[in-house]
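Engineer: generate a structure from the sequence data that follows.
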Amino acid sequence: MELCALAGSQGSPILGGEREKVKRMVELAPLAARELKSVTQQIMKGVLTVLLVEQNPEMCLALANRLYLMDQGFFGYHGTNEEFKASDEIKDRYLPPGSMTRELSEKEIN
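Structural biologist: Reported below is the predicted structural model:
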């Protein structure tokens, strides 16, 4: 059974092989994210522009020159990484307290 077919289910249990597939996908997600980051960094060394749509703020701040953050379907913020890291107001709005990204950006500034 495909994982997409399970998306519309009303909470029916995942059994046997499907459970193992989901478990492997969850285990591989961090590896896939690291590989995506590595490949994107290599591409950006060239002359290409990359549009990365990502929910992981650490990855975005590590890769991007400019950020365009969506907030309820609209652009809530756009600017450079430096501008983002320098604005406590923006960090308060988009980063949870105690997040790794918040702590790193505050150390970089101070």
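Engineer: show me what the helix or strand containing residue 93 is packed against.
Structural biologist: When secondary structure is defined by DSSP states H and E, residue 93 falls within helix 88-94. Under the contact criterion of 3 or more CB pairs under 8 Å, 6 or more residues apart in numbering; DSSP states H and E, the helices and strands touching helix 88-94 comprise strand 66-71, strand 74-80, helix 81-86. Bear in mind the C-beta positions are built from the backbone N, C-alpha and C, glycine included.
Engineer: what's in contact with the second one?
Structural biologist: Strand 74-80 is contacted from outside by 65-71, 84, 90, 93-94, using CB atoms under 8 Å, 6 or more residues apart in numbering.
Engineer: please tell me how far the residue of the chain most remote from its centre sits from residue 22.
Structural biologist: Taking CA atoms, centre = their mean, the residue of the chain most remote from its mean C-alpha position is residue 16, at 30.4 Å. Counting by CB to CB, to the nearest Å, the gap between residue 16 and residue 22 amounts to 11 Å.
Engineer: one more: residue 36?
Structural biologist: Applying CB to CB, one obtains 20 Å for the distance of residue 36 from residue 22.
Engineer: I figured residue 64 was touching residue 52, is that so?
Structural biologist: Yes. Residue 64 is in contact with residue 52 according to CB atoms under 8 Å; the separation is 6.7 Å.
Engineer: looking at those two, which is more packed in?
Structural biologist: Set residue 64 next to residue 52 and count neighbours by other CB atoms under 10 Å: residue 64 wins out with 18 against 14.
Engineer: count of residues packed around the residue lying closest to the more buried one once chain neighbours are set aside?
Structural biologist: The spatially closest residue to residue 64, leaving aside those adjacent along the chain, is residue 81, at 6.2 Å (CB to CB, 6 or more residues apart in numbering). By other CB under 10 Å, the residues close to residue 81 number 17.
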